[in-house]
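**Student:** Provide a 3D model corresponding to the input given below.
(one chain, ligands or ions: 2)
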Amino acid sequence: MVIAATGRARPGRAASGAFATSAGHCRRMRSSLTPLGPPVSRDRVITRFPKWYTPEACLQLKEHFHGQVSTTCQRRNTGTVGLRLSKVVVVGDLYVGKTSLIHRFCKNVFDRDYKATIGVDFEIERFEIGGIPYSLQIWDTAGQEKFKCIASAYYRGAQVIITAFDLTDVQTLEHTRQWLEDALRENEPGSCFVFLVGTKKDLLSGAACAQAEVEAVRLANEMQAEYWSVSAKTGENVKAFFSRVAALAFEQSVLQDLERRSSARLQVGDGDLIRMEGSPPETQESTTSSSLGCC
Ligand SMILES: Nc1nc2c(ncn2[C@@H]2O[C@H](COP(=O)(O)OP(=O)(O)OP(=O)(O)O)[C@@H](O)[C@H]2O)c(=O)[nH]1
Ligand SMILES: [Mg+2]
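**Tutor:** Ligands and ions are numbered 1, 2, ... in the order given. Take a look at the predicted model:
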């Protein structure tokens, strides 16, 4: 149970959070939820659609933003997308490197010493995608069994689920199935993007990594997940991976927003409006002619 909170935010970049629980576990808490503020740092600006790691296990093969998304961004007609936080949940066995991966991306640090995550923690990372502000709230969960019930309470509402395993420990790959099942159970079917991430790439030779990836790619396909190998120690692929996560989540958010708005209003013939049953009146009033070619 969360009973107390303190917070801090890093100007121009992100905010992070943690809680103190009745059990006395102390974690930080974000001081601000708003994605507005100073401009995002240059390395969080995404103008081109980031590429997959391997075409053998990727969520999308295309190398450009969806046409409707590009047009909508150009017209600055992305609705509330720029104001919302998209939730990303990172799960996986203890010691696989979940915290290290998030800290490498959000703080550009790496700690060789293991400090188990207690319950959950989170970081907010701000991007600018196609000129639109966009924020990810990245939830770091505990892999230790005794904290699982605390962590699983935070799975709900995830747009992205990242299942992490240690490339040097095949058992942790086998366990990703169960982690994913637990996370998906708390979310609407088909509502989440899933990524399978092999960590500690620096500990393997190129050949050993390629060998470990064969099984991982097979499992990623089974999970309908996109596969990535990364190293929090060297930083290899970390930024590219999170850019890909952000771009896919952003694109989905924009398309969903367009769909919501177009189903709230149908424009026909010379501009007469048909009011749809169940559409909230304020949505109908505020909707302007969108860039959608059809409804
Ligand atoms: N060589 C190497 N070590 C890593 C890498 N990532 C993490 N580690 C180490 O692996 C250990 C565990 O990392 P954590 O990030 O704390 O693992 P975790 O998955 O968050 O663990 P829990 O919080 O208990 O679930 C630490 O000692 C890290 O320094 C990596 O990319 N390369
Ligand atoms: Mg951790």
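**Student:** Residue 71: neighbour count?
**Tutor:** Here the count is done by other C-beta atoms under 10 Å, and residue 71 has 17 residues near it. In this view, the C-beta of every residue, glycine as well, is placed from N, C-alpha and C.
**Student:** can you check residue 102 too?
**Tutor:** Neighbours of residue 102 (other C-beta under 10 Å): 26.
**Student:** which SSE is it in?
**Tutor:** Using DSSP states H and E, residue 102 maps to helix 98-107.
**Student:** The following helix or strand past that helix near ligand 1 anywhere?
**Tutor:** Next along the chain after helix 98-107, taking DSSP H and E as the criterion, comes strand 120-129. No - Strand 120-129 stays clear of ligand 1 (C-beta under 6 Å from any ligand atom), getting no nearer than 8.9 Å.
**Student:** Grab the CA positions of the helix or strand just after strand 120-129 and hand them over as PDB.
**Tutor:** Elements were assigned by DSSP H and E; along the chain past strand 120-129, the next helix or strand is strand 132-141. Presented in PDB, the C-alpha positions along strand 132-141 are these (Å, rounded to 0.1, in the frame of the first residue of the first chain):
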ATOM      1  CA  ILE A 132       4.800  16.500 -31.500                       C
ATOM      2  CA  PRO A 133       5.700  16.100 -27.800                       C
ATOM      3  CA  TYR A 134       5.300  12.600 -26.600                       C
ATOM      4  CA  SER A 135       6.100  10.900 -23.200                       C
ATOM      5  CA  LEU A 136       6.700   7.400 -22.000                       C
ATOM      6  CA  GLN A 137       6.200   6.400 -18.400                       C
ATOM      7  CA  ILE A 138       8.500   3.500 -18.100                       C
ATOM      8  CA  TRP A 139       7.700   1.200 -15.100                       C
ATOM      9  CA  ASP A 140      10.500  -0.900 -13.700                       C
ATOM     10  CA  THR A 141       9.200  -3.900 -11.800                       C
END
